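# sequence and computational prediction follow.
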Amino acid sequence: MKEIFQGIWKKGNQILTENLAPGSKVYGEELVKIRKTEYRVWNPYRSKPAAAIARGLRNFPLKKGMKVLYLGIASGTTASHFSDIIGKDGVIYGVEISERSIRDLNHVAEKRGNIIPILANAKKPEGYPWVEHVDVLFQDVATDDQSEILIRNAESFLKPKGFAIISIKSRSIDVTKPPKEIYSQELAKLQKRFEILEKIELDPYEKDHMLVVMRKN
């Protein structure tokens, strides 16, 4: 077993995070016991950052104790692994517009203690002005103005030189254009505000998706 990023291990083809809530699963993932420590298998078919790691991502900025703003947190599949990585001293502010998803997320948050669910629209950051400045902003909202939502939230909440990660869903932006054209168009917008550290397409795990890791200018 080898630690590939802080708090993320690789064992064979499996990607693992140490379970912050031992004994509990979030989405039916496999639990693995190694030398008395319990790890959760991070499924690249269920999570875009895991897909990027499986595809050979070299830049993953999340670390123990960090503060994260997660836009489009849904029921907490990916966020639960972020929760493992940042540990008890970190915090995730999870913005989600769906009441159903927030109900599911509340159960995950109760067990973990470092996720704060926020029922709000990520397009309107003025709806959660009390959120503190964060080290990492993660955007996973399926909408045609994905980049604009990321930029707006980064202006309000991301620390100087903080990191932003976006999962560009080309089919949500425009189904009529080839994905590569969409990626170029979105990267052009993002480059005005961020330094692009890495970009990686997520096929075959997530079709027509690209994960981009950036640093705020």
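Nice, thanks for sending it over. For clarity, every value in this text was computed on a predicted model and none was experimentally measured. Residues are numbered from 1 along each chain as shown.

# every contact and neighbour count from this point should use C-alpha atoms.
Will do.

# pLDDT on the lengthiest strand in the chain, on average?
Ranked by number of residues, the top strand in the chain under DSSP state E is strand 158-169. Strand 158-169 comes out with an average pLDDT of 96.

# in the helix or strand bottoming out on mean pLDDT in the chain, what counts as buried?
Taking mean pLDDT, DSSP states H and E as the measure, the helices and strands of the chain show their lowest mean at helix 170-173, namely a mean of 89. Neighbour counts using 16 or more other Cα atoms under 10 Å place 170-171, 173 of helix 170-173 among the buried residues.

# same question for stretch 198-206.
Of the residues in stretch 198-206, those scored as buried under the neighbour-count criterion (16+ other Cα under 10 Å) are 199-202, 205-206.

# turn those residues into TSV, columns for secondary structure, pLDDT and distance to P117.
As requested, these are arranged in TSV below (DSSP: H, G, I helix; E, B strand; the rest coil; pLDDT from 0 to 100; distance: Cα to Cα, whole Å):
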residue	secondary structure	pLDDT	distance to P117
K199	strand	97	28
I200	strand	97	29
E201	strand	96	29
L202	coil	97	27
Y205	coil	96	27
E206	coil	93	25
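
# which of the residues you listed sit farthest apart?
By the measure Cα to Cα, K199 and Y205 form the most distant pair in the buried residues of stretch 198-206, at 15.3 Å.
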